[in-house]
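Colleague: Coordinates only, no sequence provided:
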């Protein structure tokens with residue numbers, strides 16, 4: 001058998017542990033796809049109905065199981081279509097390998113109008129990855145794959161990219177010498193932490209009356225959550241979890257707090273330990289919580305860029321969460337900074353405000369009650385989903401998936417499909433609005449084809465609901481927000497997906513629970529009307545202009 005560049009690519013994927021690949025074939029990938037056929041027992045292919053879904057699925061796969069998600073598409077429009085999923089993976093700190101074909105090597109950069117040619121594809125891919133490479137010869141394909149995996153495992157988790165001209169994939173190669181993948185354990189060790197820096201951080205926390213810990217998505221690296229819990233319990237400090245940090249500490253733990261509860265403890269904090277978070281407001285380039293007299297900040301982040309202004313940490317530690325927290329905990333004096341009774345009062349204070357937002361809070365409660373603890377919940381940018389960011393209890397890492405700072409409408413359903421592959425049989429509950437579902441409703445075919453255990457819940461109000469609410473609030477009128485939806489029951493049946501329509505929270509809970517015994521996908525439509533805004537409750541500080549009922553008195557004011 002002739003050894004080709006396509007076979008070298010597939011050998012590299014197998015060598016580096018890829019067992020699932022999300023891809024759509026096309027002429028520039030033919031030699032790679034045929035090599036995949038020859039190795040069908042080693043790599044399983046998942047072929048969605050749109051290139052956008054390949055990178056979304058790779059993202060969800062990583063977030064569900066922690067293994068690199070791999071996606072492959074043709075160049076030009078294929079790569080562009082996959083860009084939204086790649087951008088979301090980048091914003092969500094996901095390890096994704098993105099392989100895209102290229103036009104003929106002799107035509108790159110010449111503007112000849114070859115099939116699928118776009119200007120500066122390399123620049124486009126580079127803007128959505130932390131590292132990318134253009135393969136310059138067929139003999140470099142294997143090395144490029146190995147280097148991509150070395151890079152994806154180094155430093156901050158983010159996507160990496162490889163571009164391969166199609167004539168290199170079809171080129172004949174000499175039989176390659178045996179090689180070994182460069183695994184993470186063989187890479188350069190993380191630099192030792194500075195004892196003096198750790199000592200300064202420990203001194204601040206030991207002297208604080210109420211130290212508070214704030215965690216983001218960077219906590220979800222091996223050992224990070226365990227080290228977090230050990231440190232928090234050692235000093236009795238509340239743990240405030242950002243949208244990306246949900247599940248770092250089980251919400252059943254007295255010290256575990258959502259962003260709303262975080263407002264109460266931050267108002268009394270005199271030291272804040274920020275771990276694995278950008279700690280930036282959603283819409284303005286300002287910190288998530290302002291500096292004030294007497295309040296000191298310690299930041300731990302694997303990416304030095306996330307320690308830079310506008311943040312102004314008193315102590316900055318460039319390190320992964322697990323090693324930094326473990327070494328810091330050794331230097332802390334055991335105590336109880338926040339008594340359990342006070343922590344529970346803060347949590348109850350936040351929950352009472354959540355409960356007042358109806359009917360969203362009832363829908364969220366029913367969803368949680370219907371799901372097993374280890375079910376994977378994929379949130380979306382929808383009216384119920386916004387409140388779920390703080391209202392849905394999360395009991396462990398890898399069980400809550402959000403859109404990250406990219407806020408990509410429509411990302412949820414295809415990400416849920418990848419999470420179902422990575423979850424290895426765990427039920428995935430994906431909620432979306434009728435607007436966002438329109439981005440990828442064709443992927444019902446993918447869910448059904450592969451029998452993926454996804455319960456899709458579509459909240460249907462006939463509009464881009466959040467955009468409509470903002471327009472009404474800001475301008476007193478609305479435009480371009482009404483939707484022409486299909487008959488969702490007919491749509492589901494057309495794809496062979498079981499369907500149910502409900503219109504109350506209790507009925508939704510029963511419908512979701514009934515899907516748990518199913519082996520494949522199920523779809524539930526929830527008819528809703530105009531609902532109140534939850535935005536005044538989200539994040540540590542409400543977004544500008546987002547007002548609601550006055551909050552009850554801070555329970556710690558009396559403590």
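Modeller: All right, it came through fine. Worth saying up front: this structure is predicted, and the values here are computed from it rather than measured.
Colleague: okay, CA-based contacts and neighbour counts for the rest of this
Modeller: Fine.
Colleague: And this protein, split by domain according to the record?
Modeller: Domain assignment for the chain, taken from automatic domain parsing, gives 3-186, 195-345, 358-533.
Colleague: between the ones you listed, which gets nearest to residue 542?
Modeller: Comparison of the domains of the chain against residue 542 by Cα to Cα identifies domain 195-345 as nearest, at 9.3 Å.
Colleague: how far out from the middle of the chain is the closest one?
Modeller: Remark: domain 195-345 is offset 20 Å from the chain centroid, using Cα atoms, centre = their mean, to the nearest Å.
Colleague: Straight-line length of that domain, end to end?
Modeller: 37 Å (Cα to Cα, to the nearest Å).
Colleague: about what we covered before: export the domains of the chain to JSON lines and append columns for distance to residue 540.
Modeller: Converted to JSON lines, those look like this (distance: least, Cα to Cα, whole Å):
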{"stretch": "domain 3-186", "distance to residue 540": "19"}
{"stretch": "domain 195-345", "distance to residue 540": "5"}
{"stretch": "domain 358-533", "distance to residue 540": "11"}
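Colleague: Residue 553: which of the ones you listed is closest?
Modeller: Residue 553 sits nearest to domain 195-345 of all the domains of the chain, at 9.2 Å, using Cα to Cα.
Colleague: Can you show me the helices along the stretch 351-500 of the chain?
Modeller: Counting by DSSP state H, counting those that start in this stretch, the stretch 351-500 of the chain has helices at residues 360-370, 383-391, 412-422, 434-437, 444-449, 465-475, 488-494.
Colleague: Could you say which of those helices is packed most deeply?
Modeller: helix 412-422 (a mean of 30; mean count of other Cα atoms under 10 Å).
Colleague: So for that one, mean pLDDT?
Modeller: Throughout helix 412-422, pLDDT has a mean value of 98.
Colleague: just stretch 218-238 next, same as before
Modeller: 97.
Colleague: Not counting that stretch itself, show me its contacts.
Modeller: The contact list for stretch 218-238, computed with Cα atoms under 8 Å, 6 or more residues apart in numbering, reads 93, 210-213, 239, 245, 248-249, 255-257, 265, 275-277, 301-302, 320-323, 325-326, 328-329, 332-339, 343, 397.
Colleague: Make TSV out of the helices of the stretch 351-500 of the chain and add distance to residue 222.
Modeller: TSV is the format used below for the helices of the stretch 351-500 of the chain (distance: least, Cα to Cα, whole Å):
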stretch	distance to residue 222
helix 360-370	26
helix 383-391	24
helix 412-422	17
helix 434-437	33
helix 444-449	30
helix 465-475	36
helix 488-494	39
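Colleague: Residue 312: which of the ones you listed is closest?
Modeller: Set against residue 312 and scored by Cα to Cα, these come closest in helix 383-391, at 26.7 Å.
Colleague: between that closest one and helix 465-475, what angle do the directions make?
Modeller: 90 degrees (axes from the mean of the first three to the mean of the last three Cα atoms, to 10 degrees).
Colleague: ranking the helices of the stretch 351-500 of the chain by mean pLDDT, which is last?
Modeller: helix 465-475 (a mean of 90).
Colleague: Which strands or helices does that helix pack on?
Modeller: Contact partners of helix 465-475 among helices and strands, from 3 or more Cα pairs under 8 Å, 6 or more residues apart in numbering; DSSP states H and E: none.
Colleague: From residue 509, how far off is residue 136?
Modeller: Distance from residue 136 to residue 509, by Cα to Cα: 55 Å.
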